[in-house]
Structure formats: structure tokens, C-alpha cells
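**Student:** Need coordinates for the below:
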Amino acid sequence: CRAQAKQLASERDEAAGGELKNLETTASNAGKTLVKATTRLEAARKELKGEKDGLKKAEKSVKDAESALESNKKSCQSLVDEAAAAADELKSAHDAVESLQEALISGTTKNGRAEDKSLADRIMDVKKAVAEKRSISKSAANRAAHLEKQAAKCQKSMTAAKKAHATVVAQVEKASMAVNAIETQLSELGYDAEGAQADAGRETELNRQVKRLRVAVGELEAQLTQLRLDYKDPEKGFDRSRVKGVVAGLISLKEDRAAAALEITAGGKLFNVVVDSADTGKALLNKGGLQKRVTIIPLNKISAKTLSTEQVTAATQASQGKATPAIQMVGYDEDVDAAMKYVFGRTFVCEDAESAKAVAFNPSVKSKAVTLEGDVFDPAGTLTGGARKSGGGDVLRRLQRLSTAQEELAAAESELSSLKDKARARAAVGKEFTALEKDLSVKRRALELAQERAARSDYEVAEREAENATKQADDARKEAEEAEVAAARLEDQAKELEASQAAKGSQENARADREKRMKAARARLSKAREVSAASEAKAGSLREELSALEDDLQAAKDSVDVATEAIVAAEEAVQSAQQAEQEARAVYDEAQSALEQARDEAKNKDYEAKELVKRAGRLE
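**Tutor:** From the prediction side, this is the model:
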């Protein structure tokens with residue numbers, strides 16, 4: 001027996017050990033998986049931090065580039081102002097030289113004042129003017145030739161960059177087509193995003209409203225427990241519409257001020273149960289499992305007597321219009337008309353005690369009258385009134401509030417259900433719309449970047465420079481032609497002066513004065529040209545710096561865009577790693593729990609085996 005016990009214990013230990021080993025292996029594997037998931041999560045978080053640091057650096061670069069660009073623009077504007085001033089001075093000096101030249105040639109100033117001048121001096125001045133015009137023409141022609149070469153060079157650059165530019169233009173067109181395609185998809189989708197948002201807001205509002213109304217209905221129902229009619233079906237297939245309900249629950253107040261009077265009028269009948277027939281009433285009383293005593297009003301047996309037309313007319317006259325049949329002050333469904341007439345059909349509601357007394361004791365009326373305050377005047381001679389509980393008519397008023405709250409609750413729940421159905425119906429479309437909008441934002445940004453690259457391409461830059469050089473070359477050619485025409489005119493003048501030189505006298509003093517003034521004017525013109533050329537050179541250099549800074553700013557902005565996209569990808573990687581780590585941790589915790597439980601069971605089985613061996617030994 002002991003050998004059998006040991007064998008049995010050994011088999012149990014072996015089985016338990018095998019299961020325990022499997023669980024330990026599972027837990028070990030789960031632990032390794034958890035370590036890997038945790039490592040990946042940490043790596044993803046470090047990468048996200050690195051990307052965020054990169055974004056900060058890129059944003060700082062943008063800020064620095066914008067600051068440098070703004071400073072450069074201010075300097076450029078200052079230099080533009082200086083260049084404008086230099087240009088004005090140059091024009092003024094040039095006008096002065098022109099004026100003196102004409103004076104030297106004609107012998108008069110611009111204002112027509114005659115001056116003495118020898119023919120030899122005038123001939124010399126004209127020849128100098130001719131030489132100057134020739135110089136201007138040559139300089140303008142050389143400048144035009146240089147600009148034309150520059151334009152040709154730009155044209156070559158355009159030709160070299162045309163292929164690359166075509167690629168950029170194709171990228172712009174492709175990006176534009178992608179944007180148009182998504183916009184078309186969004187249009188065809190027909191999703192009303194604003195309507196969905198408005199419906200979501202309305203749904204939130206309705207949820208709060210339904211919650212509030214349910215609380216209100218619950219509170220009012222708790223205050224009106226005496227109106228509850230709990231019963232079980234007295235027979236199989238019982239039609240519950242045969243039981244109409246408690247009288248108080250079947251009416252509505254037409255005037256809130258009549259609540260106390262109507263409660264007094266109905267008395268205990270207010271809580272009677274209305275059914276369609278006497279048979280239904282008997283079945284309900286015998287087999288309905290009612291939890292309290294009730295009085296049944298069967299519609300097919302009840303006497304529905306009401307006030308006669310003569311009584312109503314007499315009461316109206318006696319009360320001076322202050323008496324109203326109680327039945328006219330309640331609303332109810334037509335199918336319970338007999339029960340309502342039974343409860344309210346023989347009583348008047350009067351506005352005050354005087355009119356109630358006049359009605360009740362009028363020989364042509366002789367019907368009970370109740371005041372709005374609840375005092376009762378009975379034609380039999382009794383009067384009921386005096387102290388009463390405050391808040392008379394509370395039952396009917398609460399019922400009225402309950403009915404209103406239930407109607408509002410039903411309407412709110414119906415609208416809420418409709419909104420939820422509508423939201424479910426367009427959920428898939430909304431998801432697709434959101435995805436398309438996100439994709440559209442990305443595609444629009446890609447289009448903007450492509451357009452900016454196209455505007456900064458070598459082809460576009462060369463095209464603008466070619467147009468500018470061509471225009472300046474045309475202006476220089478025109479200037480050279482005008483100078484040639486002026487030189488030819490002056491040569492004709494010189495010939496005429498030489499022909500009449502013998503007949504003219506010399507005016508040396510006037511000539512010397514003119515020469516002195518001309519020399520000063522020319523010196524001023526030369527200085528103005530130098531200043532203007534220096535300003536133009538500085539402006540050109542500063543414009544190049546400005547263009548370089550704009551390129552740096554755009555590059556920094558592109559870096560910000562790249563860093564932002566990298567952060568989005570890194571955040572998604574962190575989220576994925578977090579989910580994987582949570583799932584691995586759940587598997588590991590479950591494996592550890594199973595291992596601990598198996599170890600505890602192994603200990604218990606070991607103890608049971610030892611006890612079994614001990615008992616087997618005692619039996620032997």
C-alpha cells in the first residue's frame with residue numbers, strides 16, 4: 001500500500017513538475033518580450049526627444065534668419081535713400097553742365113541774357129561739347145554691349161537649367177493635380193462637417209437634458225407612489241389596455257389654480273382605478289396580485305350623470321359668471337369620459353366663497369360647489385372648510401409637472417436617438433472625410449514647397465536677370481543714339497561758327513569766366529557720378545546679401561517643416577511602442593500570476609503526497 005502511495009505521489013509530482021516547468025518557460029519568454037518592448041519604447045522616446053530638440057534648433061535658426069533679414073532690409077532701405085539722393089545730385093550737376101554748354105555755344109544764359117564771347121571760344125566750346133557727347137555715346141554703347149552679353153549669358157543659363165526647371169514645373173503640376181483630386185473627392189463625398197459638429201454639440205446638450213429630466217421624473221414619481229398601479233396579468237395573453245389607470249393619472253389641469261378645488265371635488269375617487277368593464281375589474285381584484293386595496297371604476301357599469309344645461313345656466317347667473325363645472329376644468333381621453341363624468345360631473349368650481357354659496361343653495365341648481373381654496377358648500381346644508389394642509393392641490397400639480405417632464409423627456413430621447421442614428425450612419429463617411437482633409441493639408445503644403453522651389457530655381461532667376469539686362473541694354477542704346485544726334489547737331493553749329501569767325505570779335509574775359517564756371521560744373525558732375533556709382537555698387541552688394549539671407553530663411557523654414565513631420569512620425573512610433581509594451585506587460589503579469597498559482601498548487605500537492613505516504617504507513 002505504501003509503495004502504491006509513493007508511486008501515486010511520484011506521478012503527481014512529475015505531472016506538476018512538468019506543468020510548472022512549462023509555466024516557468026512561458027513566464028521567462030514573456031519577461032524577455034517585455035524587456036524588448038520596454039527597450040524599444042525608451043529608444044522611441046529618445047528619438048522623439050531628439051526630434052523635438054532638432055525642431056527647437058530649426059525654429060531658432062528661423063528666428064535668427066528673420067532678424068538678420070529684417071536688419072538687412074533696413075540697411076538696404078537706407079542705402080536706397082542715399083542712392084536716390086546721389087541720383088538727384090547727379091541730375092542737378094548734369095543740368096548745370098548742360099546749361100553752361102548751351103550758354104557757351106549761344107553766347108547767352110538760359111534766361112536769354114546776352115553775354116560777350118569770342119567766336120574762337122565758342123567754336124572751342126562746341127567742339128568740346130561734341131567730344132563729350134561722343135564720349136557719352138561711346139560709354140552708353142559699351143554699357144549696352146556689356147548688358148547684351150549678360151542677357152545672352154542668362155539665356156544660356158536658362159537653356160542649361162531648362163530641363164531641371166521642367167522637372168520642377170512637372171512637380172508643381174503633379175502636386176496641383178493631387179490637391180485638385182482630393183478636393184474633388186471631398187466635394188463628391190458630400191460630408192457636412194459643420195452639420196456633424198453642430199449635431200455633436202446638440203447630442204452633448206441632449207444627453208445632459210435627458211439626464212436632468214430623468215432625475216426630475218424619478219423625483220416626481222417618488223413623490224407620487226400612491227398613484228402607482230402594480231399588478232400582474234390575471235390571465236394569459238391579458239390586454240393591459242383594458243386597465244386605463246388611476247383617475248389622477250388620466251387627467252390634466254386646464255388651469256393650475258383649480259388644482260385644490262379639483263382634488264377636493266374628486267376626494268378618494270382621485271385614486272380609483274378605471275377599467276373597461278366589470279369583468280376586467282373582477283379579474284384584476286382576484287388574480288391581479290394587487291399590493292394594496294383599490295376601488296375599481298368599470299366604464300361599462302358606472303353612472304355618468306352630469307349637470308344639466310338649466311343648472312349650469314342658473315349657476316352662471318347666481319355667481320355672476322364665477323362658477324364653472326368641474327368637468328370642464330380637466331382634460332382627458334374620450335375613452336374614459338364616463339369615469340370622468342362620474343368623478344367630476346356633478347360639482348361646480350367657484351372663484352370665491354360667496355359665489356359658491358350662491359350656487360349651492362340656489363333652488364334651480366342644488367349642486368355641490370367648491371371654492372378655489374378648497375371650501376365645500378353642499379346643498380344638503382353642510383359646509384366644509386377651515387384649516388387644511390398647506391399646498392392644497394399638490395397631487396394634481398405634481399402630476400401636471402410629471403406629465404410635462406415625461407413629454408419633454410420623450411421628445412429629448414427621441415431627438416437624441418435620431419441624432420445617434422444619424423451619427424452612426426455617417427460615421428464611416430466622417431472618418432473618410434477626416435482622412436482626406438488631413439491628406440489635403442499635406443498635399444497643399446507639398447504644393448507650396450514645390451511652387452517656392454520653382455520660384456527659386458536657376459531658370460526663374462536667370463529669366464528675371466535676362467529680362468532686366470535686356471531692358472537696361474535697350475535704355476543704354478537709346479541714350480547712345482540721343483547722344484549721337486546731339487553731337488551731329490553740335491558739329492553743324494561748329495561749322496557755322498567757323499564760317500563766320502572772321503567777322504566776329506574776341507571776348508577773352510567772358511571766355512575765361514565761362515571756362516572757370518564750366519570747370520567747376522564738370523568737377524561737380526564727376527563727383528556726383530562717383531557717388532552715384534558707389535551707391536549703386538553698395539546697393540547691388542546688399543541686394544545679393546538680401547537674396548542669400550532670404551534663401552537661408554527659406555532653408556530654415558524647410559528644416560522646421562521636416563522636423564515637424566519627423567516629430568509626428570516619432571510620436572506615432574512612441575504610441576506604437578507604448579501599446580506593445582503594455583500588451584507585453586499584461587502577458588508577463590498573467591504568466592507570473594499563473595506561475596505563482598502553479599507553485600502554490602505544487603506545494604499543496606507535495607504536502608498531500610507526504611500525508612498520503614504517512615497514512616499508508618500507518619495502515620501497514
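
**Student:** the strands in the stretch 201-350 of the chain, which residues?
**Tutor:** Secondary structure of the stretch 201-350 of the chain, counting by DSSP state E, counting those that start in this stretch: strands at 243-246, 252-253, 273-275, 296-298, 323-325, 330-331, 347-350.

**Student:** Now for this structure, the helix or strand with the poorest mean pLDDT.
**Tutor:** Counting by mean pLDDT, DSSP states H and E, the chain has its least confident helix or strand at strand 383-384, which shows a mean of 68.

**Student:** pLDDT value on Gln493, please?
**Tutor:** Gln493 is assigned 79 on the pLDDT scale.

**Student:** Is it in contact with Ile123, as I believe?
**Tutor:** No. Here Gln493 does not reach Ile123: they are 9.1 Å apart, not a contact under C-beta atoms under 8 Å. Heads up, the C-betas are built off the backbone N, CA and C, glycines and all.

**Student:** Pull the contacting residues for Gln185.
**Tutor:** Leu436 (C-beta atoms under 8 Å, 6 or more residues apart in numbering).

**Student:** before we move on, which element is it in?
**Tutor:** Here Gln185 sits within helix 119-189, counting by DSSP states H and E.

**Student:** Need the mean per-residue confidence for that helix.
**Tutor:** 81.

**Student:** list the helices and strands the strand or helix carrying Lys527 packs on?
**Tutor:** Assigned by DSSP H and E, Lys527 belongs to helix 508-619. With contacts taken as 3 or more C-beta pairs under 8 Å, 6 or more residues apart in numbering; DSSP states H and E, helix 508-619 sits against helix 2-106, helix 119-189, helix 427-455.

**Student:** closest to Glu219 out of the ones you listed?
**Tutor:** helix 427-455 (35.7 Å; C-beta to C-beta).

**Student:** Against which helices or strands is the next helix or strand after the closest one packed?
**Tutor:** With elements assigned by DSSP H and E, the helix or strand that comes after helix 427-455 is helix 458-499. Secondary-structure packing of helix 458-499 (3+ C-beta pairs under 8 Å, 6+ apart): helix 119-189.

**Student:** what angle separates the helix it packs on from helix 427-455?
**Tutor:** 160 degrees (axes from the mean of the first three to the mean of the last three C-alpha atoms, to 10 degrees).

**Student:** The spatially closest residue to Val243 that is not a sequence neighbour: what's it in contact with?
**Tutor:** Excluding the flanking residues, the one nearest Val243 by C-beta to C-beta, 6 or more residues apart in numbering is Val275, at 5.4 Å. Contacts here follow C-beta under 8 Å, 6+ apart; on that basis Val275 touches Arg242, Val243, Lys244, Gly281, Leu284, Ile296, Ile297, Pro298, Leu299.

**Student:** how about 10 Å then?
**Tutor:** Applying C-beta atoms under 10 Å, 6 or more residues apart in numbering, one finds that Val275 lies in contact with 242-245, 281-285, 296-301, 339.

**Student:** Now the buried members of those residues.
**Tutor:** Buried by 16 or more other C-beta atoms under 10 Å: Arg242, Val243, Lys244, Gly281, Ala283, Leu284, Leu285, Ile296, Ile297, Pro298, Leu299, Ala339, out of those.

**Student:** Show me what the helix or strand encompassing Ala356 is packed against.
**Tutor:** Following DSSP H and E, one finds Ala356 within helix 353-360. Applying 3 or more C-beta pairs under 10 Å, 6 or more residues apart in numbering; DSSP states H and E, we find helix 353-360 packed against helix 309-319, strand 323-325, strand 347-350, strand 368-371, strand 376-377, strand 383-384.
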